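>>> For reference, the sequence and a predicted model appear below.
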Amino acid sequence: MPQPIVPIDEFLTLTTDEQVEKLKQWKMDYTLKDIREAWGFKHSAQYYMLLKKLRIYERVVNKSDKFSPEQLLASRGGADAHAGPPYSAAGRTLPEDQFGYELNVTLTGPELAEKLERLAYFLKGEHKTVSVKLSISASGALAQREGEEER
């Protein structure tokens, strides 16, 4: 019989080795969606970021299961979603407690809103200074049609 998934508050009180052991067992008995729902996580990214913050990500996640922000970008954007590596700056890998995120795609309003909501949820857990460059504009053909309708 599978071990029940404990509430997140209880999980966080366990030792690091106990956390790793429980997660490995749950991964065999449950899906990631089951674990996310038990802990009240809306997105898989929240689960993976928790593992990184607890510094157990490498011990729990199989190489084939590894999550990267590229998956968020490519989930709806297609081939033009992202061209460069998300965790590099001038060819160097950033330390594990830092992150990088680029979004260079054309999306509908609701699709962009969903991406920004996910990013906002992630940033709520970051207590360090974050540098941001943001530029949003309507796509050319659609903006022209809307302008013609207003006349």
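Received the coordinates, thanks. Numbering: from 1, shown residues only.

>>> How confident is the prediction for Arg55, by pLDDT?
Note on Arg55: pLDDT of 90.

>>> Any regions of this protein where pLDDT drops low?
Across the chain, the ranges flagged by pLDDT under 70 are 63-101, 140-151.

>>> Would you map the helices across it?
Taking DSSP state H as the test, the helices found in the chain are 8-12, 16-29, 32-39, 44-53, 57-60, 69-77, 109-123, 140-150.

>>> then the second one to PDB, C-alphas only?
What that stands for is helix 16-29. Taking Å, rounded to 0.1, in the frame of the first residue of the first chain, the C-alpha atoms of helix 16-29 are listed here in PDB:
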ATOM      1  CA  THR A  16      16.900  16.300   4.200                       C
ATOM      2  CA  ASP A  17      17.400  12.600   3.900                       C
ATOM      3  CA  GLU A  18      13.900  11.800   5.000                       C
ATOM      4  CA  GLN A  19      12.500  14.300   2.400                       C
ATOM      5  CA  VAL A  20      14.500  12.700  -0.300                       C
ATOM      6  CA  GLU A  21      13.400   9.200   0.700                       C
ATOM      7  CA  LYS A  22       9.700  10.200   0.900                       C
ATOM      8  CA  LEU A  23       9.800  11.900  -2.500                       C
ATOM      9  CA  LYS A  24      11.500   9.000  -4.200                       C
ATOM     10  CA  GLN A  25       8.900   6.700  -2.800                       C
ATOM     11  CA  TRP A  26       6.000   9.000  -3.700                       C
ATOM     12  CA  LYS A  27       7.400   9.300  -7.300                       C
ATOM     13  CA  MET A  28       7.000   5.500  -7.600                       C
ATOM     14  CA  ASP A  29       3.500   5.400  -6.100                       C
END
